[in-house]
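Give the three-dimensional model of this entry:
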Amino acid sequence: MTSGAVPSILQQVTFPILAALQEDQERMISVYKRLIRMTAFLVFPTMTILAVLAEPFIALVLGVKWLPTVPLLQWFCFSRVWTPIGGLNLNVLNANGRSDLFLKVDLSKAPLVIVVLIITIPIGIEAMVIGQVISSFISFFINAYMPGKLYGYGAFSQIKNMFPMIVASAITAFFTYLSITITDILILKLIFGGITAIINYLGIFYVFKIQELDEIKILLLNLGKTTKKVQE
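Purely as a prediction, here's the structure:
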C-alpha cells in the first residue's frame, strides 16, 4: 500500500511542475534530479525499516499465525523500493509530451514480467516475490533509459545521486535491528525500532549536512504556516 500510494501522489504533484518547466530544460532537469533525491530520501528508509520491523509488525497487527509471511513482506519491501523512482522517470516523459516513449518503455517491461512469472510460479510463492525484486530492479534501468538518453540523467547517475540515501538506510537498518533485539515485547520492539530509525536516519543527514533534510524542514514550516492561516 505504501509503495503504491507514494508513486501515485508523486506523479500527481510532480507532473504539473515538470510540465511547466519543459521549455526551460536546464531548470527542468535540476528539479527532476531534486525530485529523485527527495523521493529516495523518503522511500528508501521507509521500505528498509518496514522490512527490519516486519516480524514484530505482523505479529502485533495480524497475529503470530501470520509470522510465516514475514519473509514475503521483507522481499516485497525491497521489490517496491524502486517503484516510485521508476514512476518519476516515466512521469518526466509524459510531462514533456512524450507519451509515445512512455508507452514504449511501459510495454517493453511486459516480457520481463511474464518471463519472471513463468520461471517462478512453479517454484512457489516466495520465489515469485524474489522474482519481483529482480524484475523491479531491472525495470528501474529500463525506466531510466529514456531520461538518460534525452536528458543525460540515466540509471547510474540516479544511483550516484541516491547513494547517500542508500548508505544511510543500510546503516539505519543495522542499528534498528540491534535496537529490537533488547526486548521480546512486540510493542516495545516497534517503539524502540521506530525511534532508533528516525533518530539515526535524520542524524546521519544532519551530521553530513545533506540538503534534503533542509528541504523537509522548509516543507514542514510552510505546511505549518498554511495550516495556521486556515485555522485563523
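
Now the nearest residue to V81 once chain neighbours are set aside: which helix or strand?
Leaving aside its chain neighbours, V81 sits nearest to M47 (4.3 Å; criterion: Cβ to Cβ, 6 or more residues apart in numbering). For every residue, glycine as well, the C-beta is placed using N, CA and C. According to DSSP states H and E, M47 maps onto helix 25-52.

Equivalent analysis for D184, please.
Per DSSP H and E, there is no helix or strand for D184.

Same check on L103?
Assigned by DSSP H and E, L103 falls within helix 99-108.

residues in contact with that helix?
Outside helix 99-108, the residues within contact range by Cβ atoms under 8 Å, 6 or more residues apart in numbering are 90, 93-94, 142-143, 145-146.

switch the cut-off to 7 Å
With Cβ atoms under 7 Å, 6 or more residues apart in numbering as the test, helix 99-108 has contacts from 90, 93-94, 142-143, 146.

Alpha carbons of the next helix or strand after that helix, as CSV, please.
The element immediately downstream of helix 99-108 (helix or strand, assigned by DSSP H and E) is helix 110-120. The C-alpha coordinates for helix 110-120 follow below in CSV (Å, rounded to 0.1, in the frame of the first residue of the first chain):
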residue,chain,number,x,y,z
ALA,A,110,5.9,-6.7,-20.1
PRO,A,111,8.1,-9.6,-21.5
LEU,A,112,10.4,-9.3,-18.4
VAL,A,113,7.4,-9.6,-16.0
ILE,A,114,6.0,-12.5,-17.9
VAL,A,115,9.3,-14.5,-18.1
VAL,A,116,9.9,-14.0,-14.4
LEU,A,117,6.4,-15.3,-13.6
ILE,A,118,6.7,-18.3,-15.9
ILE,A,119,10.0,-19.2,-14.1
THR,A,120,8.9,-18.6,-10.5
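
list the buried ones in helix 110-120?
By neighbour count with 16 or more other Cβ atoms under 10 Å, helix 110-120 contains the buried residues 116, 120.

mind checking how far it is from the chain centre?
23 Å (Cα atoms, centre = their mean, to the nearest Å).

Give me the helices and strands touching it, please.
Packing partners of helix 110-120 (3 or more Cβ pairs under 7 Å, 6 or more residues apart in numbering; DSSP states H and E): helix 125-151.

pLDDT score assigned to the spatially most central residue of the chain?
What sits nearest the mean C-alpha location of the chain, by Cα atoms, centre = their mean, is V43, with 3.1 Å. Looking at V43, its pLDDT is 88.

Leaving out chain neighbours, which residue sits closest to it?
Per Cβ to Cβ, 6+ apart, closest to V43 is P84, 5.0 Å.

Tell me where the model's unsure across the chain.
Counting by pLDDT under 70, the chain has low-confidence residues at 2-4, 6-8, 10-11, 212-232.

repeat that with 50
223, 226, 230 (pLDDT under 50).

tell me which element the closest residue to I210 other than its chain neighbours is part of?
Among residues not flanking I210 along the chain, P164 sits closest, at 5.7 Å (Cβ to Cβ, 6+ apart). Per DSSP H and E: P164 is located in helix 155-180.

can you check F78 too?
Applying DSSP H and E as the criterion places F78 in helix 70-80.

what's that helix in contact with?
Here helix 70-80 has contacts from 3, 47, 50-51, 54-55, 58, 125-126, 129-130, 132-133, 136, using Cβ under 7 Å, 6+ apart.
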